[in-house]
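> 3D, please:
(2 chains)
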Amino acid sequence: MSFGLECKKMKRTGFISAFLCGGFLAAIVPILNMAVRSENYFGIDDSPVQILMNANWQMMAMLNLLLVVAGACLMYHTEYADNAILKISTLPIKESRLFWSKVMLMIVMCIMILIIEAAGIAFCSYHWFEMSADVWMEVIKSFGYALLLMLPAALGSLLIASVCKNMWVSLGIGVVCVFTATLLPTESFVLSLFPFALPFQIFVETIENTAVSFMIAAGMEVLFIGISESICLKVRRLFK
Amino acid sequence: MNIIETNNLTKSYAGFTAVSGISLHIPKGTVYGFLGPNGAGKSTTMKMFLGLTKPTSGSFVIDGKKYPENRVQILKEIGSFIEAPAFYGNLSGEENLDIIRRILGLPKSAVSEALELVGLTPYKSRLAKKYSLGMKQRLGLAGALIGRPPILILDEPTNGLDPVGIHEIRTLIRSLPQKFDCTVLVSSHLLSEIELMADNIGILNHGHLLFEGTLDELKRNAITQGYPTDNLEDTFLAVIDADNRQRGGER
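Predicted coordinates:
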């Protein structure tokens, strides 16, 4: 099961266009914010990227999470809707490969939306602040960090979607997780480890040691979710 | 030589046993009819062969390969059609088969060949969700036949087909061992259906294998047991009825 096959399966589902539109929507957030109330941010003694991320990232991260949850549901809905997953299960491939191929596609989609959003932030820096050479490096670091912290939520959404045959159940669980995450204070390290709360963290605002801790935690969560998926597949076969 | 052999294969769920210690012997290069009323355990047995469900006890060997150690190797040799047709509704018939082709690593021509075999070529570009039930059934069959696997497992493949379609598919299944040198395990709850296709049959009821052998052997067996033999349908019903009475009126 390859990445190309997963792309093919998503044909005519609106999956890629949903991510594109979502990415552009999130990228417009800082632009609109600066267009209507730029005076609020000019006096702040921080780097442009830090100002823009502090002002907009919470909204952008929530849009990203909702996209990830909806995308994961859509991916598994195509498998379950007409029972295609049953046919795939009878083919000579490991079932876990189906999950990891979907993870690959999801990561590519996340990279795509983060690039669009990074372009939005870079545009704001250029248009409303000074565009120094450091801005690009800061944007790349911030969005690379955002991608890493988004992985547990992406894998978690896929795990939920793979377990629930009914798309509305997985969508409901995902949305509840996203809104629960918005209620958690981002200053609390332990509470921020909730996979759906991690993407709200901002690199430029976090001290280096904490940022490293968050990245290690994200890696461990990815590993834990991957193992959980393997266990789910084995358990499911026992009860089928 | 038997290409599929089971040894006391059992599948139990909480409260009931779907398949109870069956020992099947399916000869290579034949059509083996798996008969039984609804809920007899035919689909569960087939699902175990495909690794979709884990046996509670017992074992099986397919083409000399043991499950579960060689699950992927076993699946490489099997083309299957289980329960209802399974497909991606957002893709066309051709695209659906192309996904299977790519997973199996077959040449591109395999798709058109499979479509041709089941008579779906004129509708290959139509979305699968817009297919009629019969067309979906044919797509499922094409998915099983693609790449000419040496073993075919078909669970009630003629369900939902019109009489012409049933005849076409029956003729196709009958011809497969000669055409592609394969072994076919086909299930049905209709003896009339199976007797036109199968060389050997296995009759299953409440998870128990009541009979295994050729149709002639079934007839001979029925005569000794005092069951009607004028019509094979009646023989089958008598075998099932006698087993049900023995189990205390279970149906």
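> tally of neighbours for residue 34?
Picked chain A for this. For A:Met34, the tally of surrounding residues (other C-beta atoms under 10 Å in any protein chain shown) stands at 24. Heads up, the C-betas are built off the backbone N, CA and C, glycines and all.
> wrong chain, I was asking about chain B
Using other C-beta under 10 Å, B:Phe34 has 29 neighbouring residues.
> can you pull the contacts of it?
Taking C-beta atoms under 8 Å, 6 or more residues apart in numbering or on different chains as the definition of contact, the neighbours of B:Phe34 are B:42, B:45-46, B:185-188, B:201-202, B:204.
> Among these, name the buried ones.
B:42, B:45-46, B:185-188, B:201-202, B:204 (16 or more other C-beta atoms under 10 Å in any protein chain shown).
> List just the nearest of the contacts of B:Phe34 to B:Gly79.
The nearest member of these to B:Gly79, counting by C-beta to C-beta, is B:Leu185 at 10.8 Å.
> State the distance from that closest one to chain A.
Computed with C-beta to the nearest C-beta, to the nearest Å, the distance linking B:Leu185 and chain A is 13 Å.
> That residue - that's part of a helix, no?
No - residue state for B:Leu185 (DSSP: H, G, I helix; E, B strand; the rest coil) corresponds to strand; a helix is not indicated.
> measure it to B:Ile169 for me?
15 Å (C-beta to C-beta, to the nearest Å).
> Then A:Lys94?
When C-beta to C-beta is applied, the distance between A:Lys94 and B:Ile169 equals 32 Å.
> The two - which one has more neighbours?
Comparing A:Lys94 with B:Ile169 by neighbour count (other C-beta under 10 Å), the higher total belongs to B:Ile169, at 22 against 13.
> dump the residue contacts of the more buried one.
In this structure, B:Ile169 makes contact with B:118, B:138, B:141, B:157-158, B:161, judged by C-beta under 8 Å, 6+ apart.
> Just the ones of these in strands?
In this view, the contacts of B:Ile169 have no member that belongs to strands under DSSP state E.
> Of those, which are in range of chain A?
Among those, none lies close to chain A by the criterion of C-beta under 8 Å from any C-beta of the partner chain.
> Write out the residues of chain A neighbouring chain B.
Within chain A, the positions near chain B by C-beta under 8 Å from any C-beta are A:1-2, A:4-5, A:8-9, A:11-13, A:78, A:81-94, A:237-238, A:240.
> These in helices, which ones?
When the residues of chain A next to chain B are checked against helices (DSSP state H), the matches are A:4-5, A:8-9, A:78, A:84-89, A:237-238.
> nearest to B:Thr53, of those?
Set against B:Thr53, the nearest of those by C-beta to C-beta is A:Arg237 (6.4 Å).
> ok, now which ones touch the residue nearest to the closest one when sequence neighbours are not counted?
Nearest non-adjacent residue to A:Arg237, counting by C-beta to C-beta, 6 or more residues apart in numbering or on different chains: B:Lys54, 5.3 Å away. By C-beta under 8 Å, 6+ apart, B:Lys54 lies in contact with A:237-238, A:240, B:48, B:68.
> just those residues: which has the poorest pLDDT?
The member of the contacts of B:Lys54 with the lowest pLDDT is A:Lys240, at 70.
> for chain A, which spans come out with low pLDDT?
Low-confidence regions of chain A, defined here as pLDDT under 70, cover residues A:1.
> typo on my end, the stretch 101-250 of chain B
For the stretch 101-250 of chain B, applying pLDDT under 70 flags the ranges B:249-250.
> Which stretches in it count as strands?
Per DSSP state E, counting those that start in this stretch, the stretch 101-250 of chain B has strands spanning B:151-155, B:183-188, B:200-205, B:208-214. These are given in chain order.
> Tell me which of those lies nearest to A:Gly219.
Nearest to A:Gly219, of those and by C-beta to C-beta, is strand B:151-155 at 42.1 Å.
> how is chain B carved up into domains?
Domain assignment for chain B by automatic domain parsing gives B:1-77+B:151-164+B:172-182+B:194-230, B:84-149.
> which of those sits most buried?
Ranked by mean neighbour count, the domains of chain B are led by domain B:84-149 with a mean of 20 (mean count of other C-beta atoms under 10 Å in any protein chain shown).
> quick one: the residue nearest the centre of chain A from A:Pro195, how far?
The geometric centre of chain A, computed from its C-alpha atoms, lies nearest to A:Met150 (C-alpha atoms, centre = their mean), at 4.2 Å. Distance, A:Met150 to A:Pro195, by C-beta to C-beta: 9 Å.
> quick one on the thing from earlier: may I have the secondary structure class of the residue nearest to the centre of chain A?
The three-state label given to A:Met150 by three-state DSSP is helix.
> Report the contact partners of it.
A:Met150 makes contact with A:64-65, A:68, A:110, A:114, A:198-199 under the criterion C-beta under 8 Å, 6+ apart.
> of those residues, closest to chain B?
In terms of C-beta to the nearest C-beta, no member of the contacts of A:Met150 lies closer to chain B than A:Val68, at 20.5 Å.
> just how off-centre is whichever helix or strand the closest one is part of within its chain?
Assigned by DSSP states H and E, A:Val68 belongs to helix A:48-80. The chain centre lies 5 Å from the centre of helix A:48-80; the measure is C-alpha atoms, centre = their mean, to the nearest Å.
> next one: stretch B:233-243
Its chain's C-alpha centre lies 21 Å from the corresponding centre of stretch B:233-243 when counted by C-alpha atoms, centre = their mean.
> repeat for stretch A:218-225
The answer for stretch A:218-225 is 14 Å, by C-alpha atoms, centre = their mean.
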